[in-house]
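# take a look and give me a structure for this.
(chains A and B)
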Amino acid sequence: MPRETTPSSPRTAVRGGTAPHAPPCVGLALFTCLEPPHGVALRVIDDPYAARCRVANLMEFFRKPIRKAGSCHSQGVTDRVSTGKWRRNMMKAPTIAELLADPVVLQALEKAWLDSLPEDPHHRHEEGGWIYLDMTTLEYAIRRAIGTGQASVDLNSPPILPKSVIVATFHTHPNPISEGWESGPSASDTTSARLLGVPCLIRAEDGYHSTGPDSRRGGLTGVPGFPL
Amino acid sequence: MSTIPIGTTDNLLSGDQVLSIAEKDARTVYRDLTIYRIQLALETDGWHVDYDLKDPRLKGGGPHYVIDARTGAILSKRYEQ
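Below you'll find the predicted structure:
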C-alpha cells in the first residue's frame, strides 16, 4: 500500500513558523474604482471575505497581483471560458506546509500529543480533532474528538461550525518506535484522508507526518464540514 | 526463511494455527482487537496476517505479520497506529 509521509521536526517547525493569516483587507477600496470585465455585472457584496476574494479575482483578471503567492487563502483563480462567461472561483485551501507553519495548528498538535499520554505505557492513546478555517475571519479554529483508542481515533463526525469549513484533521501516534511501532501514517490513515477529502496531520515522537490530499479537496467551496 | 514451492502444501501450518500465533502476539501489544478485520493469505514467503480497521474512515492501524508456513516463526511484523 503506497504511503505518503512528510516528517518534520516540531522544533524546526515551531521556530520557523509564521502565521499565514491573510493581511487586512486591501481590496475593498479598489473594488469601487475597477471596471468589471466585459459582460460581468458588479454586485454589492456585504461579506468582507467574499469581497476580498472578488477583488483578488478582478485584480488577477487585470494581471495586477496584490499579494504574495501563498500568503493568502483567498487567492482566487479566475478564468474566462471560450464562451466568454465568467467561471466560478475555486478558492485555494491551505496546504499541509501552510498548516504546519501556523502556530494555532502547531499548538493544537502539541496539546493533543500531551493529552495522549505518550509516557504512560498503560494509558497512552490516540487523540485527534479537526482544523477549521473561518471563512469570514480567515482564522483557524480547533475542535477535538474524544480519544480513547490505543491505536485508532474516530474523526468521522466533526461538529459543524458556522461559516467554517474543515481544512484538515490531526491526530497523534503516541506508541513508541522503541517497542516496534511505526510512527508514520498507516495505510488506513491514508485511505481515510482520501475518503474524507482533507489532509491528515500526525504528531508522533519523531515529529510531524502527513498523508492524504495536500489541501482540502475542491478548495474552500462546498458544504461546511468535510468536502463532498 | 523458507520458500514454498508452487503445488507443495504438505506439512504447512493451517490458517487457524497461524491465526493463533498472530493473535497471541497482537494481544500483547494491542489492547483491543475487536476493531480489526483479519486478512489471511498464504504467499510464497509465508502466511500474511493483516489486521485492518473495519471502518475505512477511522484513523489508526493494526498489526501485520509474515509467518513461516512450516515452522510458525514470525518472520516480520509491523505495528501500525
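# quick check: residues of chain A near chain B?
With CB under 8 Å from any CB of the partner chain as the criterion, chain A comes near chain B at residues A:126, A:128, A:149-156, A:169, A:171, A:173-175, A:179-182, A:186-189, A:191-192, A:195-196, A:200. All C-beta spots, glycine's among them, are computed from the backbone N, C-alpha and C.
# could you chop chain A up by domain?
A:10-19+A:94-211, A:21-92 (automatic domain parsing).
# just the C-alphas of the longest strand anywhere in chain A, formatted as PDB.
When chain A is parsed with DSSP state E, its longest strand is strand A:164-173. These are the backbone C-alpha positions of strand A:164-173, laid out as PDB (Å, rounded to 0.1, in the frame of the first residue of the first chain):
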ATOM      1  CA  SER A 164     -16.300  27.500   8.600                       C
ATOM      2  CA  VAL A 165     -15.000  24.500   6.600                       C
ATOM      3  CA  ILE A 166     -12.700  21.700   7.700                       C
ATOM      4  CA  VAL A 167      -9.300  22.100   6.100                       C
ATOM      5  CA  ALA A 168      -7.500  19.200   7.900                       C
ATOM      6  CA  THR A 169      -7.700  16.500  10.500                       C
ATOM      7  CA  PHE A 170      -5.000  15.800  13.100                       C
ATOM      8  CA  HIS A 171      -4.200  13.000  15.500                       C
ATOM      9  CA  THR A 172      -1.300  11.600  17.400                       C
ATOM     10  CA  HIS A 173       0.700   8.400  17.300                       C
END
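# by contact count, what packs against that strand?
Applying 3 or more CB pairs under 8 Å, 6 or more residues apart in numbering or on different chains; DSSP states H and E, one finds that strand A:164-173 contacts helix A:96-99, helix A:103-115, strand A:128-134, strand A:200-204.
# list the buried residues in the second one.
Meaning helix A:103-115. Under the neighbour-count criterion of 16 or more other CB atoms under 10 Å in any protein chain shown, helix A:103-115 has A:105-106, A:108-109, A:111-113 buried.
# show me where the chain has its helices.
Answering for chain A, as no chain was given. A:10-16, A:28-31, A:48-61, A:96-99, A:103-115, A:187-196 (DSSP state H).
# my question was about chain B, not that one.
B:15-29.
# where do the strands sit along it?
B:36-43, B:46-53, B:59-60, B:63-67, B:74-79.
# can you pull the contacts of the residue nearest the centre of chain B?
Nearest to the geometric centre of chain B sits B:Val49, at 2.0 Å (CA atoms, centre = their mean). By CB atoms under 8 Å, 6 or more residues apart in numbering or on different chains, the contact set of B:Val49 is B:18-19, B:22, B:38-40, B:64-67.
# picking up where we left off before, pull out the buried residues from the longest strand of chain A.
A:164-173.
# apart from its neighbours in sequence, what residue is nearest A:Pro227?
Among residues not flanking A:Pro227 along the chain, A:Gly197 sits closest, at 4.2 Å (CB to CB, 6 or more residues apart in numbering or on different chains).
# double-check the one you found against A:Gly222; I have them as touching.
No: if you go by CB atoms under 8 Å, A:Gly197 and A:Gly222 don't touch, sitting 9.0 Å apart.
# what residues do those two have in common as contacts?
Common neighbours of A:Gly197 and A:Gly222 (CB under 8 Å, 6+ apart) are A:Leu228.
# looking at these two, which is more packed in?
A:Gly197 (17 against 14; other CB atoms under 10 Å in any protein chain shown).
# now do that one, the pLDDT please.
In the predicted model, A:Gly197 carries a pLDDT score of 96.
# tell me the phi and psi of it?
Backbone torsions of A:Gly197, given as degrees, to the nearest 10, read phi 90, psi 20.
# low pLDDT regions in chain A?
A:1-90 (pLDDT under 70).
# should've said chain B
Ranges of chain B meeting pLDDT under 70: B:1-9.
# try it again at 90.
Along chain B, the parts satisfying pLDDT under 90 run over B:1-11, B:56-57.
# what residues does it have near chain A?
So chain B meets chain A at B:29-32, B:35, B:52-53, B:55-62, B:77-81 (CB under 8 Å from any CB).
# if any of these are buried, give me the PyMOL selection for them.
Buried members of these, defined by 16+ other CB under 10 Å, are picked up in PyMOL with:
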select buried, chain B and resi 29+30+35+52+53+57+58+59+60+61+62+77+79+80+81
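# how about the closest residue in space to A:His123 that isn't next to it in sequence, what does it touch?
Nearest residue to A:His123, sequence neighbours excluded (CB to CB, 6+ apart): A:Leu117, at 5.0 Å. Applying CB under 8 Å, 6+ apart, we find A:Leu117 in contact with A:123-125, A:174.
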